[in-house]
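A.B. asks: sequence first, predicted coordinates after that:
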Amino acid sequence: MAQNNTPATQSKSVANFLDSPKVSEYLKRTLQEKKGEFVSNLITLADNDAMLAQCEPGDLMKAALNATALNLPLNKNLGYAYIIPYKNGKTGKVDPNFQVGYKGLIQLAIRTGSYRFINATEIREGEIERNKITGEIKFHGDKPGKKVIGYLAYLELTNGFTASLYMSENEIEKHAMRFSKMYQSDKRFKSAKSKWSDPDARPKMALKTVLKNLLGTYGLMTTEFAKAFEADSEEADGGYSGRSVEDAEVVQQNEPVPEQPEPEETEKVEI
């Protein structure tokens, strides 16, 4: 008889996988008192998402462990971290991919205690003047009625070091086209499946892009940041083709988040 790969069957296989002696011992050794919560949330994750339920249980577990290692809650409504299923057009498999959100990057920076300011914001016509030799940015004031022409990320360390990174809309577009097969497919077939094609999601994708590039170049490369950059697979769909489910439902792991004020996307926030 053919195996019934319904979400319920797959979810059961996830539960069986996590309950196997070898895996159970590994999770106990790795997560200690967090093991029970992790297992419960991962089973719920498979229960609530038909695409993630098709992933190999071991791959799904590894993706979720990335969030636990970084102490970031898996909840798309919070925007710290996500597990996104991608369908591999060559093999037909659905693979889970861990992604750090825009707010997750800010949270990791806050934890270092070394940033006085950190921010990413949209830039409109006439708002900035940039010296391409020194990198200095002069802000000429808000122009809310003007067209968005790019995005800028800025940081200042407690020791006085400052750095900024600006990407024009054209540079953001080239970045999206280079790294997102789904966006390339949208452009080719006039569809709108990629987050880069979503007018509401695209600005957040652009904010994360400039902030990640800035932190990767000028930020403090702590162990947590190194793990986050290595684990983050937002741009990993370059090797995939076919339908991609980018708005997957994710489950909160209820791990502690430092009670710091969240920076707004359009204002420079002092930490």
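C.D. replies: Right, received. Where do you want to start? Numbers count the residues shown, from 1 in each chain.
A.B. asks: do a quick rundown of the strands in the stretch 51-200 of the chain.
C.D. replies: Secondary structure of the stretch 51-200 of the chain (DSSP state E, counting those that start in this stretch): strands located at 81-87, 94-100, 115-124, 128-130, 137-139, 148-157, 162-168.
A.B. asks: can I get those in TSV with mean neighbour count?
C.D. replies: Any C-beta I mention is one placed from the backbone N, CA and C, and that applies to glycine too. TSV is the format used below for these (neighbours: other CB atoms under 10 Å):
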stretch	mean neighbour count
strand 81-87	24
strand 94-100	23
strand 115-124	20
strand 128-130	14
strand 137-139	13
strand 148-157	20
strand 162-168	17
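A.B. asks: what pLDDT does the model give the closest residue to A231 other than its chain neighbours?
C.D. replies: Of all residues not flanking A231 in the chain, N66 sits nearest, at 4.2 Å (CB to CB, 6 or more residues apart in numbering). pLDDT for N66: 90.
A.B. asks: for N66, which residues are in contact?
C.D. replies: N66 makes contacts with A81, F98, K227, A231, as judged by CB atoms under 8 Å, 6 or more residues apart in numbering.
A.B. asks: what about the longest helix along the chain, average pLDDT?
C.D. replies: Longest helix in the chain by number of residues (criterion: DSSP state H): helix 202-218. For helix 202-218, the mean pLDDT works out to 93.
A.B. asks: try stretch 98-106
C.D. replies: Rounded mean pLDDT across stretch 98-106 is 89.
A.B. asks: now it: how far from the chain's centre is it?
C.D. replies: Mean-position distance between stretch 98-106 and its chain equals 4 Å (CA atoms, centre = their mean, to the nearest Å).
A.B. asks: same question, stretch 123-141
C.D. replies: Relative to the chain's own centre, stretch 123-141 is displaced by 28 Å; criterion: CA atoms, centre = their mean.
A.B. asks: for N16, find the nearest of the strands of the stretch 51-200 of the chain.
C.D. replies: The closest of these to N16 is strand 94-100. By CB to CB, the value is 17.7 Å.
A.B. asks: who does that closest one pair up with?
C.D. replies: Taking DSSP bridges as the criterion, strand 94-100 sits next to strand 81-87 (antiparallel) in its sheet.
A.B. asks: still on that earlier bit, buried ones in the helix or strand that the longest helix of the chain is followed by, by neighbour count?
C.D. replies: Sequence-wise, the next helix or strand downstream of helix 202-218 (DSSP states H and E) is helix 223-231. For helix 223-231, burial by neighbour count (16 or more other CB atoms under 10 Å) applies to E224, F225, A228, A231.
A.B. asks: just want the angle from helix 223-231 to helix 202-218.
C.D. replies: 120 degrees (axes from the mean of the first three to the mean of the last three CA atoms, to 10 degrees).
A.B. asks: list the helices and strands helix 223-231 packs on?
C.D. replies: Helices and strands touching helix 223-231, by 3 or more CB pairs under 8 Å, 6 or more residues apart in numbering; DSSP states H and E, are helix 57-70, strand 94-100, helix 102-112, helix 202-218.
A.B. asks: so what's I118 bridging to?
C.D. replies: Going by DSSP bridges, I118 forms beta bridges with L155, V269.
A.B. asks: pretty sure it contacts I106?
C.D. replies: Yes - using CB atoms under 8 Å, I118 is in contact with I106, at 6.2 Å.
A.B. asks: and the nearest residue to D95 once chain neighbours are set aside, how far from M177?
C.D. replies: With CB to CB, 6+ apart as the measure, Y86 is the residue that lies nearest to D95, at 5.4 Å, once sequence neighbours are left out. Applying CB to CB, to the nearest Å, the value for Y86 to M177 is 18 Å.
A.B. asks: ok so, going back, just put the strands of the stretch 51-200 of the chain in JSON lines and tack on distance to S24.
C.D. replies: Shown next, in JSON lines, are the strands of the stretch 51-200 of the chain (distance: least, CB to CB, whole Å):
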{"stretch": "strand 81-87", "distance to S24": "21"}
{"stretch": "strand 94-100", "distance to S24": "20"}
{"stretch": "strand 115-124", "distance to S24": "39"}
{"stretch": "strand 128-130", "distance to S24": "55"}
{"stretch": "strand 137-139", "distance to S24": "53"}
{"stretch": "strand 148-157", "distance to S24": "42"}
{"stretch": "strand 162-168", "distance to S24": "45"}
